[in-house]
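S.K.: here's a sequence, model it:
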Amino acid sequence: NSTDNAGNVETTKTTYAALDKTAPTTSDDAPSGWQNADFTVTLTCSDETSGCASTSYRIDGGSWQTGTTISITTEGNHTIEYNSTDNAGNVETTKTTYAALDKTAPTTTFLSAPQGNSRVSGNVTFDINIQDGLAGINLAEAYLLINGTQYSLTKTSGDEYNSNFTITVNTTSLTDGWYWFNISGKDQAGNVNSTTARYLYVDNTPPTISLVEPPDNTYNNTGTLSVTYSATDDGASAVNENMYCEVIVNYSNGTQAAVDVNSSYNPGTQVTSSFNLPQGVYTWNVYCNDRQDDSGDASTTAARTYIIDTTPVNITRIYPTPDIFVCSIPEDYEANSQLTIVVETNDTPAGVEWVKANISEINSSAPLIDLTPNPAGDVWNLTIKVNDTSNYSFRDVNITFTAKDKAGNNYSFWGSVDPFVTVVLYNMTTPPLR
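M.R.: Okay, here's the model as predicted:
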C-alpha cells in the first residue's frame, strides 16, 4: 500500500511474483527391444513449479510435432527425440529413445535337402539358411520340425542377420511313413516362420520278396530255368518309384552262372526271368533293393536248388549174365522158387527215380513191376517167382525194362529169359536205347 502527504493510507493490495528457472522433465514408456506388432509410445511431462505448457517430438530426424502420443506402425528401429516446455518458458533438453518394430518373420531356405514327396532312410542331412534383416535371428530358437517335434540346428556360418545351419537326422528312430520336415526360424521380435517344408517318406524297411516258382530241389530235362517272383515295398509304392531286382544263378561251387537284372521293377508285379543252362546242379535266389539305383534297403531270398539233367538213364549192367543157370538138373528145381535179376544204372546229376519191368509174358495179371532200389547205390532188384515149367514147350520170355530219372529222362531196352523143362537160364543183354 502507499501513504500520501496528507497522511492517507492506501488499502493494502496483494500481488504475486513467480520465479521458475527449472525446465520440465519428460519421460517415455517406449518398450525395450523389438516388437512384432504396432504399438504406442506415450510421453509424460512433469513440472512442479510453473507446470508443463507443451511437449514436442520428432521421429527419425523428421519435423517436430506437438503431442504426447506417438504411434509406431512402420517397421524399423526408430529414433524418437522429444522435450517439453513449461509455463515459465523453460525448455527441456531434448531426450532420445528408441522404438523398434519388426512385423516380418525370417526367411527360411533349404540349401541342401531331399526333394519333397521322396523317400529318406538312414542318416539324412539338411543344410538350412535363415535370414532376418531387422530384428535379427534368434539363434537359440532355430529348429527343424519333424511332424511338429523340435530338433535344434547347428550354426555353421554367418551372423545374426544371415546364418547357415545344419542338422543330420537319424531316421531309423522314426517309424516308416510320411513326415513333414519344416524349418522353424524365429527373430528377436518373436516372429516365427515355419512354412518352408519337405514332405518325405521315411523308409528303413527292406522289400519283401515272394518266390512263386520253381520250388526248391526242382529237376528239369529241357535246360531251361524259369524263375517267377514278386516283391513289395511300402516306401517305393508310396512315392510311386520302381525298384532294382536281380535273379542270380550260381553253379554248385558258388561261382555265378547267370544273372538277370531288372533295374526298373514295378513293385507288386509278378515277373519271370528265364535262363538257358547246360546240364548241372545250380542254386538260385532273388535280390531286390527298394531303390532303383540299388542304393537303398535290400533283401535276398534263401537259395533254392535246381538240377538240369538232359541225359537219359544209363543202364550199365544186367545180371546174372547170359547163360547163367539158376538150376542145372531137374532134381534141384522147386516150384515157386525165386529168380532175381539185378539192373545197375547210372544217372547224373538228377539220379534215377525208378526202374520198372514189364513181365506180361510171365504174369499178365500184374505185368508191371517196380524194381527195388538197393541201398548200396544205383542197383535195382527184380525178383520173380518161377512156376513149374515142365508142361511147357521151350520158349523165350521177353522182359522189357524201363528207367526214368528225376528230371523225367527215360531209357528202355529189351532182354530175354529162356525157360527150359529142366532148367531156367538167363540170356540177358544190354540192348541199345529204344
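
S.K.: going forward, measure contacts and count neighbours with C-alpha atoms only.
M.R.: Will do.

S.K.: count the neighbours of residue 238 for me.
M.R.: Here the number of neighbours of residue 238 (other CA atoms under 10 Å) works out to 15.

S.K.: for the stretch 201-350 of the chain, just list every one of the helices.
M.R.: Assigned helices in the stretch 201-350 of the chain, in chain order: 234-238 (criterion: DSSP state H, counting those that start in this stretch).

S.K.: would you state the strands of it in chain order?
M.R.: Along the stretch 201-350 of the chain, the segments classed as strands by DSSP state E, counting those that start in this stretch run 208-213, 218-220, 224-232, 243-251, 256-265, 270-276, 280-289, 298-300, 304-308, 314-319, 324-327, 337-346.

S.K.: going by mean pLDDT, which of these comes out lowest?
M.R.: When these are compared by mean pLDDT, strand 324-327 comes last with a mean of 38.

S.K.: sorry, back to before: including mean neighbour count, could the strands of the stretch 201-350 of the chain go into JSON lines?
M.R.: Output for those, formatted as JSON lines (neighbours: other CA atoms under 10 Å):
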{"stretch": "strand 208-213", "mean neighbour count": "16"}
{"stretch": "strand 218-220", "mean neighbour count": "19"}
{"stretch": "strand 224-232", "mean neighbour count": "18"}
{"stretch": "strand 243-251", "mean neighbour count": "22"}
{"stretch": "strand 256-265", "mean neighbour count": "16"}
{"stretch": "strand 270-276", "mean neighbour count": "14"}
{"stretch": "strand 280-289", "mean neighbour count": "22"}
{"stretch": "strand 298-300", "mean neighbour count": "18"}
{"stretch": "strand 304-308", "mean neighbour count": "21"}
{"stretch": "strand 314-319", "mean neighbour count": "18"}
{"stretch": "strand 324-327", "mean neighbour count": "15"}
{"stretch": "strand 337-346", "mean neighbour count": "16"}
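
S.K.: in JSON lines: those strands, plus distance to residue 197.
M.R.: As requested, the strands of the stretch 201-350 of the chain are exported to JSON lines (distance: least, CA to CA, whole Å):
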{"stretch": "strand 208-213", "distance to residue 197": "31"}
{"stretch": "strand 218-220", "distance to residue 197": "53"}
{"stretch": "strand 224-232", "distance to residue 197": "29"}
{"stretch": "strand 243-251", "distance to residue 197": "26"}
{"stretch": "strand 256-265", "distance to residue 197": "29"}
{"stretch": "strand 270-276", "distance to residue 197": "37"}
{"stretch": "strand 280-289", "distance to residue 197": "28"}
{"stretch": "strand 298-300", "distance to residue 197": "29"}
{"stretch": "strand 304-308", "distance to residue 197": "47"}
{"stretch": "strand 314-319", "distance to residue 197": "73"}
{"stretch": "strand 324-327", "distance to residue 197": "94"}
{"stretch": "strand 337-346", "distance to residue 197": "71"}
